[in-house]
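> Could you work out the structure for the sequence below:
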Amino acid sequence: MKFNLIHTETNSKARAGELHTAHGTIETPIFMPVGTLGTVKGVHQRELKNDINAQVILGNTYHLYLRPGTDTVEKAGGLHKFIGWDKPILTDSGGYQIFSLSHKRKLSEEGAAFKSHIDGSSHFFTPESVMDIERIIGADIMMAFDECTPYPCDYNYAKNSMELTHRWLDRCVKQFENTSSKYGYEQALFPIVQGSVYKDLRIKSAEYIANKSSFGCAIGGLSVGEPEQEMYEMTNLVTEVLPKNKPRYLMGVGTPTNILEGISRGIDMFDCVMPTRNARHGLLFTSKGVINIKNVKWKNDFSAIDENAHTFADTMYSKAYLRHLFSCNELLGAQIASIHNLGFYLWLVTQARTQILNNTFEQWKNDLIPNLNKRL
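Below you'll find the model as predicted:
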């Protein structure tokens, strides 16, 4: 496992790098499609690999623990073999899912007690058990167990939550170092910066994480309801502290504009359910703006979904045909839209990388963002 920082743009903190894993090299900046249950919803692995050009996908510790269960994943030889994916995988720790189950969970020093959203059964995650689960899943990159601090929250809650995350991190690191990969390849652990929108807490947390001998660093607890400018401010603050020679992952972010602004502030890795979730509702991201394909205005528009083709979906299908599929509730409509949106996100970060290497990223970003925010 190795990260090479190739170039930082002269006019911003935007970086281009290479993250080498046992399952392949990830060129950064990168967007990672979310495959919660071992599948990116509605998209075949062949399409992810050959058409969308996804270099890494996510799995979800909480969901995979509940279904199909760690026994099944381990018997399959790990998540890569279970789902037929031979490229890198990152797993989150389940912290965000437990955060979202606020009415069904209880936090303590020891860990998090929660009830399954499926059948109401009781479960308990500790930093140690989460490390063991992620070892069984076999992800190339494992996230430390944390509390995703809610927004809004008062200063004392944010401080106590951050300190709990730090204590949990120490236990994660110990368990990680006392165990080894089950499938013969190296895994890496990323700690997570917390601290809500309080500058001193974010700096303190970033310093704590920076002092760990981890392979990379993640920033959590953003894009949870705070204003975008506060997210950008916290991101910029944290990347000033985190080591420059390690990859930086901004968790759960976001819109195309959020991603470009994150890259500008020194972020290397992103994930979000937005491209596939929005696609299933007929919302398409394009280089000219956002399209609601269900609108009647597209009924007789036989032009390509996006004139700057990113996937086969953009060249094979028209807006009129895609609207027709949504009007008829055909499953193919959601699939085509998902392929398009993911292809667009991967195109966006690939273009960003090219611009960074040419020292033209910041101007390109500023020219592109007004188009990305348009409603067509």
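> contacts and neighbour counts: CA atoms only from here.
OK.
> how about the helices of the stretch 151-300 of the chain, start to end?
155-177, 199-210, 228-239, 256-264, 274-280 (DSSP state H, counting those that start in this stretch).
> just these: most buried one?
helix 256-264 (a mean of 23; mean count of other CA atoms under 10 Å).
> Lys365 falls within a helix, correct?
Yes - counting by DSSP: H, G, I helix; E, B strand; the rest coil, Lys365 is located in a helix.
> separation between the nearest residue to it once chain neighbours are set aside and Asn53?
Nearest in space to Lys365, with sequence neighbours left out and distances taken as CA to CA, 6 or more residues apart in numbering, is Leu260 at 6.6 Å. Note on Leu260: its distance to Asn53, by CA to CA, to the nearest Å, is 19 Å.
> of the helices of the stretch 151-300 of the chain, which approaches Asn329 most closely?
Closest to Asn329 of the helices of the stretch 151-300 of the chain, according to CA to CA: helix 274-280, at 10.4 Å.
> For this structure, which residues score under the pLDDT cut-off?
Within the chain, no range satisfies pLDDT under 70.
> Check the spacing between Lys266 and Phe312 real quick.
For the record, residue 266 is Gly, not Lys. Distance from Gly266 to Phe312, by CA to CA: 31 Å.
> Neighbour count: these two, which is higher?
Gly266 (27 against 15; other CA atoms under 10 Å).
> Now do the contacts for that one.
13-15, 236, 239, 248 (CA atoms under 8 Å, 6 or more residues apart in numbering).
> Identify the farthest-apart pair in those residues.
Applying CA to CA across those, the maximum distance is between Arg15 and Asn236, 13.4 Å.
> what residues go with each domain of the chain?
2-272, 279-372 (automatic domain parsing).
> And the contacts of stretch 50-60?
24-27, 30, 32-38, 47-49, 87-94, 139, 271, 310-312, 339, 342-343, 346.
> Of those, select the buried ones using a ChimeraX command.
Typed into ChimeraX, the next command selects the buried ones out of the contacts of stretch 50-60 (criterion: 16 or more other CA atoms under 10 Å):
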select :25,26,27,30,32,33,34,35,36,37,38,48,87,88,89,90,91,92,93,94,139,271,310,311,339,342,343,346
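> Tell me which entries of the contacts of stretch 50-60 lie within strands.
Within the contacts of stretch 50-60, membership in strands is found for 24-27, 30, 32, 89-92, 271, as judged by DSSP state E.
> shouldn't Phe326 be in contact with Gly333?
Yes - here Phe326 reaches Gly333: they are 5.5 Å apart, a contact under CA atoms under 8 Å.
> Look at the two and report which has more neighbours.
Using other CA under 10 Å as the criterion, Phe326 and Gly333 rank with Gly333 on top: 22 against 19.
> what's the closest non-adjacent residue to that one?
Leu325 (4.9 Å).
> give the contact list for that neighbour.
Contact analysis of Leu325 by CA under 8 Å, 6+ apart lists 331-333.
> Val197 touches Met234, doesn't it?
Yes - taking contacts as CA under 8 Å, Val197 lies within contact range of Met234: 6.5 Å.
> ok, back up a step: could you measure from the residue nearest to Lys365 over to Thr126?
To Thr126, Leu260 is 35 Å away according to CA to CA.
> and what of Tyr65?
For Tyr65, the distance to Thr126 - CA to CA - is 13 Å.
> Ala112 too?
6 Å.
> now do Gly59
Between Gly59 and Thr126 the distance is 19 Å, computed by CA to CA.
> Looking at these two, which is more packed in?
Neighbours per residue (other CA under 10 Å) separate Gly59 from Thr126, with Gly59 holding more: 25 against 19.
> and the more buried one, bridged to which residues?
Going by DSSP bridges, Gly59 is paired in beta bridges with Thr91.
> Ok, Gly17 next?
In beta-bridge terms (that is, DSSP bridges), Gly17 pairs with Leu5, Thr28.
> What about it, how many residues nearby?
The burial count for Gly17: 22, using other CA under 10 Å.
> so who does it touch?
3-7, 27-29, 268.
> quick one: which of these has the most company?
In the contacts of Gly17, the most neighbours by other CA under 10 Å go to Pro29, 31 neighbours.
> separation between Thr286 and Asp314?
10 Å.
> okay, these two: which has more neighbours?
For the pair Thr286 and Asp314, the greater number of neighbours falls to Thr286 (26 against 22), based on other CA under 10 Å.
> before we move on, the earlier item: kindly indicate which of the contacts of Leu325 lies nearest Pro227.
Of those, the one sitting nearest to Pro227 (CA to CA) turns out to be Gly333, at 32.5 Å.
> how much space is there between that closest one and Pro68?
28 Å.
> Equivalent analysis for Thr39, please.
Taking CA to CA, one finds Thr39 at 12 Å from Pro68.
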